[in-house]
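Chemist: pasting the sequence and the predicted model now:
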Amino acid sequence: MRPSDYAVCDGFSCGDVDRRLHSVPAIDVTAARISLVVISEVAAPRARDGYYEADDALFARTTLQAFRDAGADAGSVAGLVERGVYLTTAVKCAKTAYAIQTSTVNACSQLLERELALFPNVRAILLMGDVAIKALCAIARRAGEPRPIPAGSTYKLRGPEYTWRGVRVFPSYLQAGPSFFIEASKRRMIAEDIAAALALVK
């Protein structure tokens, strides 16, 4: 099964993204084996830096390091997928400015919703950054469900247990990209959140 065959954009109506850098994972994955989904913010600013391009691609490299910081044996992205970890983004195109408009997050959350529906055995979702949190909340709002994560700063949200449709949800910080190496305190918290999610899905 290839997620890119199911999460297809209907119109590319968002104005603050680069449609040429549209990316939904096109990997072959056994959906039933996925127990942990990691959702970061937006597609990589260069196609070659995406999660599944190569293990030295920017998103892959920082994510593998984040998993190693958490004590996981993370030698390759393919190895993570084999262990039941699926990596994706909330917004499927690269951004063209620092911030992403709420309308874009809401629109693209429809693709994310289709993508998440492919994995029936997910037990935990890591929301890496504000855009990922907003996207999951948009999915819940469309279905008339309460927010899975309350409003507030990520620092204050970490710790309590949150669930969405029976799945544990962990709000965390962005692990994909160069910002991962900048703040040591955030990197430590990312490792703690990944470790907690991995412990849950073992």
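Modeler: It's in.

Chemist: can we go C-alpha only for contacts and neighbour counts from here?
Modeler: OK.

Chemist: can you give me the helices in this protein?
Modeler: 58-69, 77-82, 102-116, 130-142, 154-157, 184-201 (DSSP state H).

Chemist: identify the bridge partners of the residue nearest the centre of the chain.
Modeler: Centroid-nearest residue in the chain: Ile39, 0.7 Å away (criterion: C-alpha atoms, centre = their mean). According to DSSP bridges, the partner residues bridging Ile39 are Thr88, Leu127.

Chemist: please renumber the chain so that the first residue is 733 from this point on.
Modeler: I'll keep to 733 as the first residue from here, and by that count the last item is Ile771.

Chemist: and it, what does it touch?
Modeler: Leu819, Thr820, Thr821, Ala822, Ile857, Leu858, Leu859, Met860, Ala864 (C-alpha atoms under 8 Å, 6 or more residues apart in numbering).

Chemist: got those residues as TSV, with distance to Thr795 and neighbour count columns?
Modeler: Putting the contacts of Ile771 into TSV (distance: C-alpha to C-alpha, whole Å; neighbours: other C-alpha atoms under 10 Å) gives the following:
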residue	distance to Thr795	neighbour count
Leu819	9	20
Thr820	11	24
Thr821	13	29
Ala822	16	30
Ile857	15	24
Leu858	12	24
Leu859	13	27
Met860	11	24
Ala864	15	28
